[in-house]
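1. coordinates only, sequence not included:
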């Protein structure tokens, strides 16, 4: 960040406060999401000893796969160069695979 070296101490302080506020807001949002998920888990908790049904297992699996896809999309947006390289490697694997 060579541009930050040119900024005055007041500007750097102001930027630090803004970045700190964004970080706090992000962690607060994550905490609220985690609390909501935990409350949801507690609300759906089954009595011990009862096997879970297929529909419940499928529902949990679908939610997990949605979360996983969302996390991958976020990672791809944050690291576009790595995502592009991964796409190219995957395409190369698929081209060399024979079925």
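-> Structure's in. What do you need? As the structure is a prediction and not an experimental result, all values here were calculated from the model. Numbers count the residues shown, from 1 in each chain.

2. so how far is residue 84 from the most centrally placed residue in the chain?
-> The chain has residue 71 as the residue nearest its centroid, 3.7 Å off, counting by Cα atoms, centre = their mean. Using Cβ to Cβ, to the nearest Å, residue 71 is found at 18 Å from residue 84. No exception for glycine: its C-beta is placed from N, CA and C like everyone else's.

3. what of residue 51?
-> From residue 51 across to residue 84, the span is 45 Å (Cβ to Cβ).

4. give me the more crowded residue out of these two.
-> Taking other Cβ atoms under 10 Å, residue 51 and residue 84 do not tie; residue 84 has more neighbours (11 against 8).

5. for burial, what's the neighbour tally of residue 83?
-> Burial measure for residue 83: 15 neighbouring residues, criterion other Cβ under 10 Å.

6. what sits against it?
-> Applying Cβ atoms under 8 Å, 6 or more residues apart in numbering, we find residue 83 in contact with 75-76.

7. ok, 6 Å please
-> residue 76 (Cβ atoms under 6 Å, 6 or more residues apart in numbering).

8. which of the three states applies to it?
-> helix (DSSP: H, G, I helix; E, B strand; the rest coil).

9. check residue 52 too.
-> Assigned by three-state DSSP, the conformation of residue 52 is coil.

10. quick one, phi psi at it?
-> The phi/psi pair for residue 52 (degrees, to the nearest 10) reads phi -80, psi 150.

11. do you know the pLDDT at it?
-> Looking at residue 52, its pLDDT is 82.

12. next one: the one 10 residues further on
-> In this model, residue 62 is scored at 96, pLDDT.

13. likewise for the one 10 residues further on?
-> With respect to pLDDT, residue 72 scores 90.

14. in what helix or strand does it lie?
-> Assigned by DSSP states H and E, residue 72 falls within helix 54-78.

15. just checking, what packs against that helix?
-> Contact partners of helix 54-78 among helices and strands, from 3 or more Cβ pairs under 6 Å, 6 or more residues apart in numbering; DSSP states H and E: none.

16. and the contacts of that helix?
-> residue 83.

17. what about it, distance to the chain center?
-> On the basis of Cα atoms, centre = their mean, to the nearest Å, helix 54-78 sits 10 Å off its chain's mean C-alpha point.
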